[in-house]
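Undergrad: The following block contains a protein sequence and its predicted model.
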Amino acid sequence: MNKFTLDHLYFAFLALLVFGCKSEPPQTNLQNLIADSPQLIGKKEYLNSPFVSAGDRVYMVGHQNGTFPDLGWHVEGEMGGIWNHPIKLMDGFTNSVQLDGSSYCLDRADQFVNFPFGNKHVFETTIPDLEISRFQFVPDAIEGVIIEYTFTNKSDQKQTFDFNFSGYTDLIPAWLGERVGMIDDVDNLVFDEIRQAWRGKDQSNEWHVLFGSNEIAIQSEAADPNCNYTPQGKGTSANLKYKISLKSKEEKTFKVFIAGSYTSQQNVEKTYDLLAQHYETYLKDKIKHYERIASMSKLTIPDKELQEAFEWVKYNTEWLVRDVPEVGRGLGAGMPDYPWWFGVDNEYTLKGAIATGRKDLVYRTIELIHKLSESNGNGQVIHEVSTNGVIFNPGNINETPQFTSLIWWVYQWTGDREFLGKYYPFIKKGLKWLMEEKDKDGNLFPDGYGMMEIHGLESEMIDVAVYTQKAFADAAKMAKVIGDAEQAKSYQQTADLLKEKINEEFWVEEFNSYADFIGTTSEALKLIDAAIVRADTLNKPWAVEELKATKRKLSTYPRNKKQGFVLFHNWVVNTPMEMGIAEEEKAIKALDKGSKFVNPFGVFVTGIDRDEASESEDGKFEGSKVFSYTGAVMTLPTGVQAIAENNYGRPDKALDYLKRMTRSFGFALPGSIYEVSPDYGMMA
């Protein structure tokens, strides 16, 4: 017996000691466990678009066709692949088959199937008489991914072939990592003989990834040459080759495990071993978790499309949970470019989450946003925080009052006075900061950016004013429950005065609309010039004409005259109706005006971007080459409009907006509604 054979016997024996005797058969097919689960099949025309396989510690983003192209812009081209925040593990992987002297790369799936807890790519036509499916899911609370390949011989003959799994490591920090000393270096790979897996490490950091299978591999240091894949970055690659034989009509499966750690080699090895031993248990647990999510709230209505969208939105929410123990656990904003935490996104989303039974997620996310915001020291609520804990934006002005209303909303669902008492001191501090630091002229309208982050549009914004009014009204109720009677009275007086002032000073009768902002004529003229360029560039002649007429009129006004201006027809002009503070007559006029700035999928973010030609329900969104929200129709303004219509006794119109929004459901990614309708921006 030669040394090569002895070595392999030795390592096989060690592997048996490491992995132990499995209780389940080695050929357990995970896809048998998911056969009866909710599932949606993607459109063939969107196979070349993103999907996410989500877990709370790790997630994987690739294309529905089975590939992993460079995606995203926050870390340019790096937002896809496999992430274990605050680091990335891999750009992705390739698979190929060598059969009868021919090579086939699995990069053109015939079908993509989405489940609440994972997804599947089916390759039916790539290889003659051989069907391959790839199913993957990410266990929760584990830093790893489990992938199962199923091979089916459809011929009348035995087939023997080589199957390649090439992994491409790219151990890099998340966005803004350099601010906390996370500096990327080259990756190195070594082969772990015991686990029959490749282990990658960043040369200068304790960042690790480990990938392999439950089968004995023919290792290769070079990546599989059959697939043309060259991702960017300082990563490296290696191949694992497996010999597979199938009798006629026979089916076989095997698993690939990918584990990561940003702390130690010991941890990545421990995770890998857990994945290899308990993959079936992890899948069963994941399925049960999503069944529990589904059971917490049920919608049964005649409109089955809307009912199905409601169910999957609950799953979508879970896809965005991001848990980084060193920082916290909470709901992220969107995949693939916004996987981290935002104040305002959660101030909208958590209202829905508590209504669908997700008290656990709501409490943890609020706790995280509060903890991160405390670093501001003044009650201001943060806007955006990377998973490494770096605060990118300490907060737009609307986020502080909206946090107040979120806390009151959650209390109304739970009746938890301890919860209310926990955040009341922070809320008091924030409202004080809002009025004393951000209201420069003392007119009760705070100055600065609200939801519309348009350059130069940072005077007295309608949404900031409205959410401030709502915050004081909610804080008054909160103070009453707490037993702070004097503060309750003061807060209510401010709320009453603000409501009156908003209806008087923001209303612009000429436009049947609330103003985008209140500012001076000089400020408005600068913004008009920018808006004219925008509208002209987008070929919106009606908007150019309206803006030029407004400019002519304003040119006769004193430069320092302060008043409300309607320039952009931004969706935020509908917030007085969303919060129910608009006077009835004005509300109906404004809602009717708002209905002009829509397409079949919903409400335009910026009304002057309205495209009268975009009336097709099957038309994809043509965004700019550089990511932007110009010309966007989004679910947020559409949802606001639905709430607003319902507030003023027009439920049929509210339902119409919900139906418009639902047209985006599954348009590009089955089971999901894109950020920009119907198929642009974040796919979840």
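TA: Cool, the structure landed. Numbers count the residues shown, from 1 in each chain.
Undergrad: Quick check: mean pLDDT of the lengthiest strand in the chain?
TA: Scanning the chain for the longest strand, with DSSP state E as the assignment, gives strand 159-173. For strand 159-173, mean pLDDT is 97.
Undergrad: So which bits of it are buried?
TA: Within strand 159-173, the residues that qualify as buried are 159, 161-173, counting by 16 or more other C-beta atoms under 10 Å. Placement of C-beta: from N, CA and C, glycine included.
Undergrad: ok, now stretch 423-443?
TA: Buried residues in stretch 423-443 (16+ other C-beta under 10 Å): 423-424, 426-431, 433-434, 438-439.
Undergrad: Now intersect those residues with the helices, please.
TA: Among the buried residues of stretch 423-443, the ones falling in helices (DSSP state H) are 423-424, 426-431, 433-434.
Undergrad: circling back to that earlier point, possible to save the buried residues of stretch 423-443 as TSV with pLDDT and distance to residue 219?
TA: Output for these, formatted as TSV (pLDDT from 0 to 100; distance: C-beta to C-beta, whole Å):
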residue	pLDDT	distance to residue 219
423	98	55
424	98	60
426	98	55
427	98	59
428	98	62
429	98	59
430	98	57
431	98	62
433	98	60
434	97	61
438	95	61
439	93	66
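Undergrad: per-domain residue ranges of this structure.
TA: For the chain, the structural domains run 3-291, 508-516+566-684, going by automatic domain parsing.
Undergrad: and the last one, how far apart are its ends?
TA: With C-alpha to C-alpha, to the nearest Å as the measure, domain 508-516+566-684 spans 37 Å from end to end.
Undergrad: ok, now which ones touch the residue lying closest to residue 107 once chain neighbours are set aside?
TA: Distances taken as C-beta to C-beta, 6 or more residues apart in numbering place residue 67 nearest to residue 107, at 5.0 Å, with adjacent residues excluded. If a contact means C-beta atoms under 8 Å, 6 or more residues apart in numbering, then residue 67 has 92, 94, 107, 229 as its contacts.
Undergrad: Need the three-state assignment for the residue lying closest to the last one once chain neighbours are set aside.
TA: Excluding the flanking residues, the one nearest residue 229 by C-beta to C-beta, 6+ apart is residue 94, at 5.0 Å. For residue 94, the reduced secondary structure class is strand; criterion used: DSSP: H, G, I helix; E, B strand; the rest coil.
Undergrad: Same check on residue 123?
TA: Residue 123 ends up strand, using three-state DSSP.
Undergrad: so what's it bridging to?
TA: Note on residue 123: beta-bridge partners residue 132, judged by DSSP bridges.
Undergrad: from here on, count from 167
TA: With 167 as the first residue, the last one maps to residue 289.
Undergrad: My guess is it contacts residue 278. True?
TA: No. Look at residue 289 against residue 278 with C-beta atoms under 8 Å: they stay out of range, at 10.9 Å.
Undergrad: ok, the residue nearest to residue 288 when sequence neighbours are not counted - contacts?
TA: Nearest-residue entry for residue 288: residue 277, 4.1 Å, with adjacent residues in sequence omitted and distances by C-beta to C-beta, 6+ apart. By C-beta under 8 Å, 6+ apart, residue 277 lies in contact with 207-208, 210, 287-288, 290.
Undergrad: Would you check how far apart residue 277 and residue 735 are?
TA: Using C-beta to C-beta, to the nearest Å, residue 277 is found at 42 Å from residue 735.
Undergrad: now residue 356
TA: From residue 356 over to residue 735 (counting by C-beta to C-beta), the distance is 60 Å.
Undergrad: Who has more neighbours out of those two?
TA: More neighbours surround residue 735 than the other of residue 356 and residue 735, with 23 against 11 (other C-beta atoms under 10 Å).
Undergrad: can I assume that one is in contact with residue 680?
TA: No. Counting by C-beta under 8 Å, residue 735 does not reach residue 680; the two are 10.6 Å apart.
Undergrad: per-residue confidence for the residue nearest to residue 273?
TA: We have a pLDDT of 98 for residue 233.
Undergrad: so where's this protein shaky on pLDDT?
TA: 167-193, 619-624, 777-785, 788-793 (pLDDT under 70).
Undergrad: rerun that using 50 as the cut-off
TA: 167-191 (pLDDT under 50).
Undergrad: centroid residue for it?
TA: residue 500 (1.4 Å; C-alpha atoms, centre = their mean).
Undergrad: Who's the closest spatial neighbour of that residue, skipping the chain neighbours?
TA: Spatially, and ignoring its direct neighbours in sequence, residue 500 is nearest to residue 848 (3.2 Å; C-beta to C-beta, 6+ apart).
Undergrad: State the three-state secondary structure for the one you found.
TA: coil.
Undergrad: got the contact list for it?
TA: Listed by C-beta under 8 Å, 6+ apart, the contact set of residue 848 reads 499-504, 840-841.
Undergrad: try residue 839
TA: Residue 839 is in contact with 475, 479, 482, 801, 827-828, 830-831, 833, counting by C-beta under 8 Å, 6+ apart.
Undergrad: now the helices for the stretch 567-716 of the chain?
TA: Assigned by DSSP state H, counting those that start in this stretch, the stretch 567-716 of the chain shows helices spanning 583-603, 628-648, 651-671, 687-703, 707-720.
Undergrad: Same check on the stretch 167-316 of the chain?
TA: All helices of the stretch 167-316 of the chain, identified by DSSP H, counting those that start in this stretch, fall at 169-185.
Undergrad: Pull out the buried residues from stretch 194-204.
TA: Buried-residue list, stretch 194-204, by 16+ other C-beta under 10 Å: 194-196, 200, 204.
Undergrad: What of stretch 409-417?
TA: For stretch 409-417, the neighbour count (16+ other C-beta under 10 Å) marks 410, 412, 417 as buried.
Undergrad: same thing with stretch 669-680?
TA: For stretch 669-680, using 16+ other C-beta under 10 Å, the buried residues are 669, 671-674, 677-680.
Undergrad: ok, the nearest residue to residue 540 once chain neighbours are set aside to residue 379 distance?
TA: The shortest distance from residue 540 to any non-neighbouring residue, by C-beta to C-beta, 6+ apart, is to residue 592 (7.4 Å). According to C-beta to C-beta, residue 592 and residue 379 sit 50 Å apart.
Undergrad: cool, residue 565 as well?
TA: For residue 565, the distance to residue 379 - C-beta to C-beta - is 46 Å.
Undergrad: Then residue 644?
TA: 56 Å.
Undergrad: Which of those two has more residues huddled nearby?
TA: Neighbour count, other C-beta under 10 Å: between residue 644 and residue 379, residue 644 has more, with 25 against 20.
Undergrad: and the closest residue to the more buried one other than its chain neighbours, how many neighbours?
TA: Leaving aside its sequence neighbours, residue 644 sits nearest to residue 574 (C-beta to C-beta, 6+ apart; 5.6 Å). For residue 574, the count of nearby residues is 21 (other C-beta under 10 Å).
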